[in-house]
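Output the structure for:
(one chain, ligands or ions: 1)
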Amino acid sequence: MSTYHAPLTDIRFALHDVLQVETLFASLGFEDANRETLDAVLDECARLCETVLAPLNRVGDEQGVRFDKATGAVTTPDGFKDAYDQFVEGGWTGMSAPAEYGGMNMPHGVGICLEEMIDAANLAWSNFPLLSHGAVNALRHHGADWQKEVFLKPLIAGTWTGTMCLTEPQCGTDLGLLKTRAEPAGDDSYSITGTKIFITAGEHDLTDNIIHLVLARLPDAPEGSRGISLFIVPKVQVARDGSIGERNAVRCGAVEHKMGIHGSATCVINFDGAQGYLIGQPHKGLMAMFTMMNTARLGVGVQGLGLATRAYENALRYARERLQSRALSGPKLPSKAADPILVQPDVRRMLLTCKALTEGGRLLAYHAGSLVDSAELAADADARKQADDLLGFLTPIVKGCLTEWGNECTYHALQCFGGHGYIAEHGMEQLARDARITTLYEGTTGIQALDLMGRKTLQLQGAGLRVFLGMVEAFCVEHAGNAALAEFVEPLQAKAGEWQALTRSIAERAAADPEEIGAAAYDYLFFSGYVALAYWWARSVAVADASARPETFKAGKRETARFYFSRILPRTKTHAAAIASGPASLLGIADEALDS
Ligand SMILES: Cc1cc2nc3c(=O)[nH]c(=O)nc-3n(C[C@H](O)[C@H](O)[C@H](O)COP(=O)(O)OP(=O)(O)OC[C@H]3O[C@@H](n4cnc5c(N)ncnc54)[C@H](O)[C@@H]3O)c2cc1C
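Modelled structure (predicted):
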């Protein structure tokens, strides 16, 4: 079985040293988010993850969820409910929710660190509370007062969970194709009919009620994505005064058998004239759903990060213990039958890739998490807009890159175990299987790339990119004369310039041929992700050098940054070359020639 120990030293370095969140949170009015409290919250969450959730990871994989066809009930794996009850009792479900609805009012920038640990400990389990965060956000921003009053408190307390019901058999990426109908019931409620598939936590035995947020079409809805509305459809009916009614006409029709996250309930949910309430304006459901999806996208990006950290921890331990072969330069442990595989450059390549992508990725994700707070609470409107632009720009990078890197790291970590990684005993193959879903749900990597390239960069004229480049420029100016940092600052500055030029050239070409956008998007996503990580690595070295941390820690940061700049950042060259080749290399081949 794989182990999990929360990497608290690096989590604290990211939060306190690099992002200096205490100052930020105080400026945003989070009076209780001081260092002492934050550290206590991190410690307690780590304890819960290591002792309660992590031991259930294997159980969930082996047992999976069980479905009773006769009743439509779903039973979670042994121990999941008990763990959920402890989670609720500890107030974790409402950690970053507003106090007026019973939450703990901790910043989102802290919530995201807790999510990393929870995901690493048990990804399948983490999906049950995950979607409630999105439901809470959608209701807070778009719900009527009575809806907030009735639904927010139990969702935040964790006594109910939320879902996000978008996907239908004929409608995945293209939500304009959805068919679920909503008919006015004559009493301000609606009758919802249709089938949703792949619904995470759509049915389970953890709570008494489940609040489905469902996209559906009103009778007068325009065609396509402009005709979609959002509805609250509880599993057990809830009246406007909060009183609980009868079982609603919502039923789980099946659970999917999946490659990974077996302990997560992925359900077909049938709505058969179920009572629902409209959220926000008719036909404006996608906008409200996007509030929910953005929260969930950051959350799924962090799932990739969490799995990568756990994979790395286990691969590193194994590489220290496993004795095979000798170092090329001669024995390192002559008294033993062989040297540990850690001495082999190729094993170090895999381990350092994991270390570089996870520690850099952690900063990328935590920074985005803190922008959620700044975008909502910064004192002046300009600062809020800047934070919002940057958050919008970084969200597809966090989701797209961190999940793909999560797959890369679980793959490398499994490889470090050799054949022992492929068998179930060490738990590495589970991490690789579980990681695979993260690049698919909440919008595939291709869709994140299109969002970054099309909407967040071209349509918004690079507003978010400009803010990020401003941060890079400020850092490079600040450290311009610092000889110890020159090996990082100079290439970073050069890459930032290339990023700007690349964006401009794609924009010019896209004006003449829209296919340029689709052809460039994936490579642009990764070019952006790698340059963003270069910034966080350069900054990590600068901050570590100036800190009172132990020399081994400082050396660890500097040497990993060297590895990153010399062996990973050059991937940007391939991405830039692919972008330069344009759509012809993809669309030039006729469809009929693809199988000739
Ligand atoms: C385990 C699991 C849990 C899930 N949980 C939920 C949930 O809770 N709620 C929910 O509503 N849904 C959920 N989903 C559905 C998930 O979000 C969709 O599967 C995903 O959005 C992709 O849709 P699709 O599978 O229909 O693929 P399709 O839309 O058919 O796409 C197939 C391929 O074509 C590509 N593609 C499609 N259109 C474009 C385009 N315009 N440009 C470039 N490439 C394109 C895609 O990137 C993908 O590679 C879940 C799925 C799984 C497997």
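
Tell me which residue of the stretch 101-250 of the chain lies closest to the ligand.
Among the residues of the stretch 101-250 of the chain, residue 172 lies nearest to the ligand; the distance is 1.7 Å by C-beta to the nearest ligand atom. For the C-beta atoms, the positions are set from N, CA and C on the backbone; glycine is no exception.

residues in the protein within reach of the ligand, list them.
Of all the residues in the chain, those in contact range of the ligand (C-beta under 6 Å from any ligand atom) are 164-167, 172-173, 198-200, 258, 266, 437, 440-441, 443-444, 446-447, 450.

Please list only the buried members of those residues.
With burial judged by 16 or more other C-beta atoms under 10 Å, the buried subset of the residues of the chain next to the ligand is 164-167, 172, 198-200, 258, 266, 437, 441, 443-444, 447, 450.

Which ones among the residues of the chain next to the ligand map onto strands?
In strands, defined here by DSSP state E, the members of those are 164-165, 198-200, 266.

Residue 220: which of the residues you listed is nearest?
Proximity of these to residue 220, judged by C-beta to C-beta, is greatest for residue 165, which lies at 21.5 Å.

For the closest one, give me its contacts.
Contacts for residue 165 (C-beta atoms under 8 Å, 6 or more residues apart in numbering) come out as 196, 199, 202, 212-215, 233, 269.

With pLDDT and secondary structure added, can I get those residues in a markdown table?
Formatted as a markdown table, the entries for these read as follows, by pLDDT from 0 to 100; DSSP: H, G, I helix; E, B strand; the rest coil:
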| residue | pLDDT | secondary structure |
| --- | --- | --- |
| 196 | 98 | strand |
| 199 | 98 | strand |
| 202 | 98 | coil |
| 212 | 98 | strand |
| 213 | 96 | strand |
| 214 | 97 | strand |
| 215 | 97 | strand |
| 233 | 98 | strand |
| 269 | 98 | strand |
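
Among these, which pair sits farthest apart?
Maximum pairwise distance in these, criterion C-beta to C-beta, is 14.2 Å, between 202 and 215.

Contacts for stretch 281-298 next, please.
Stretch 281-298 is contacted from outside by 112, 130-131, 133-135, 137-138, 141-142, 164, 166, 175, 213, 215-216, 218, 221-222, 225-231, 279-280, 365, 368-369, 372, 392, 395-396, 398-399, 442-443, 448, using C-beta under 8 Å, 6+ apart.

Give the rounded mean pLDDT of that stretch.
Summarised as a single mean, pLDDT over stretch 281-298 is 87.

buried stuff in that stretch?
Using 16+ other C-beta under 10 Å, the residues of stretch 281-298 that count as buried are 283-286, 288-289, 291-298.

as a whole number, average confidence for stretch 427-435?
Stretch 427-435 shows a mean pLDDT of 98 in the predicted model.

Could you do stretch 580-587 as well?
In the prediction, stretch 580-587 has an average pLDDT of 96.

follow-up on the earlier one: now list the buried members of the contacts of residue 165.
Neighbour counting with 16+ other C-beta under 10 Å marks 196, 199, 202, 212-215, 233, 269 as buried within those.

so what's the residue of the stretch 101-250 of the chain closest to the ligand up against?
Contact partners of residue 172, counting by C-beta under 8 Å, 6+ apart, are absent.

Next, it: phi, psi?
Main-chain torsions, residue 172, degrees, to the nearest 10: phi -110, psi -90.

cool, residue 256 as well?
The phi and psi torsions at residue 256 (degrees, to the nearest 10) take the values phi -80, psi 150.

quick one: the helices in the stretch 251-400 of the chain?
285-321, 345-377, 381-416 (DSSP state H, counting those that start in this stretch).

Which stretches in the stretch 101-250 of the chain count as strands?
With DSSP state E, counting those that start in this stretch as the definition, the stretch 101-250 of the chain shows strands at residue ranges 160-165, 181-184, 190-200, 209-216, 229-234, 236-238, 244-247, 250-255.

Let me have those strands in CSV, extended by distance to residue 540.
Supplementary listing: these in CSV, determined by distance: least, C-beta to C-beta, whole Å:
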stretch, distance to residue 540
strand 160-165, 34
strand 181-184, 50
strand 190-200, 34
strand 209-216, 38
strand 229-234, 41
strand 236-238, 48
strand 244-247, 51
strand 250-255, 43
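
Tell me which residues touch the closest residue in space to residue 388 that isn't next to it in sequence, please.
In this structure, residue 388 finds its nearest non-sequential neighbour in residue 375, 4.1 Å apart by C-beta to C-beta, 6 or more residues apart in numbering. Counting by C-beta under 8 Å, 6+ apart, residue 375 makes contact with 384, 387-388, 391.

so which of those is the most crowded?
Comparing the contacts of residue 375 on neighbour count, residue 391 comes out first with 24 neighbours (neighbours: other C-beta atoms under 10 Å).

Show the model's pLDDT score for residue 154.
On the pLDDT scale, residue 154 is placed at 98.

Just give me the neighbour total for it.
Going by other C-beta under 10 Å, the residues that sit close to residue 154 add up to 21.

From residue 291, how far off is it?
According to C-beta to C-beta, to the nearest Å, residue 154 stands 20 Å off from residue 291.

about what we covered before: need the ones in strands among the residues of the chain next to the ligand in a markdown table with distance to residue 337, can you?
Supplementary listing: those in a markdown table, determined by distance: C-beta to C-beta, whole Å:
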| residue | distance to residue 337 |
| --- | --- |
| 164 | 54 |
| 165 | 58 |
| 198 | 50 |
| 199 | 53 |
| 200 | 48 |
| 266 | 47 |
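
how close does the nearest residue to residue 133 once chain neighbours are set aside get to residue 498?
Of all residues beyond its chain neighbours, the one nearest residue 133 is residue 295 (5.5 Å), with distances taken as C-beta to C-beta, 6+ apart. Separation of residue 295 from residue 498 (C-beta to C-beta): 32 Å.

next one: residue 238
When C-beta to C-beta is the yardstick, residue 238 and residue 498 sit 54 Å from each other.

Looking only at neighbour counts, state which of the two leads.
A direct count of neighbours by other C-beta under 10 Å for residue 238 and residue 498 places residue 238 higher, at 22 against 14.

re the thing from before, quick check: the farthest pair among the buried ones among the residues of the chain next to the ligand?
Taking C-beta to C-beta as the measure, those span a maximum distance of 25.5 Å, between 258 and 450.

hang on, the earlier thing: by mean pLDDT, show me the worst of the helices of the stretch 251-400 of the chain.
helix 285-321 has the lowest average pLDDT among these, namely a mean of 93.

Relative to the whole chain's centre, how far out is that one?
Here the centre of mass of C-alpha atoms in helix 285-321, compared against the chain's by C-alpha atoms, centre = their mean, to the nearest Å, lies 5 Å away.

And for stretch 272-292?
For stretch 272-292, the distance between its averaged C-alpha position and the chain's averaged C-alpha position is 23 Å (C-alpha atoms, centre = their mean).

Can I get that stretch as CSV, trimmed to CA atoms?
What follows is stretch 272-292 as a C-alpha-only set of coordinates in CSV (Å, rounded to 0.1, in the frame of the first residue of the first chain):
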residue,chain,number,x,y,z
ASP,A,272,-38.7,12.1,-13.7
GLY,A,273,-40.8,15.2,-13.2
ALA,A,274,-38.7,16.1,-10.1
GLN,A,275,-39.5,19.3,-8.2
GLY,A,276,-36.8,21.9,-8.9
TYR,A,277,-36.3,25.7,-8.3
LEU,A,278,-34.7,28.1,-10.8
ILE,A,279,-31.4,29.7,-9.8
GLY,A,280,-30.9,33.1,-11.2
GLN,A,281,-32.4,34.2,-14.5
PRO,A,282,-34.0,32.0,-17.1
HIS,A,283,-31.6,31.0,-19.9
LYS,A,284,-28.6,32.3,-17.9
GLY,A,285,-27.8,29.0,-16.3
LEU,A,286,-24.4,28.6,-17.9
MET,A,287,-23.1,31.8,-16.4
ALA,A,288,-24.2,30.5,-12.9
MET,A,289,-22.8,27.1,-13.6
PHE,A,290,-19.5,28.6,-14.6
THR,A,291,-19.1,30.0,-11.1
MET,A,292,-19.4,26.4,-9.9
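
coming back round to it: which one among the buried residues of stretch 281-298 gets closest to the ligand?
residue 296 (8.4 Å).
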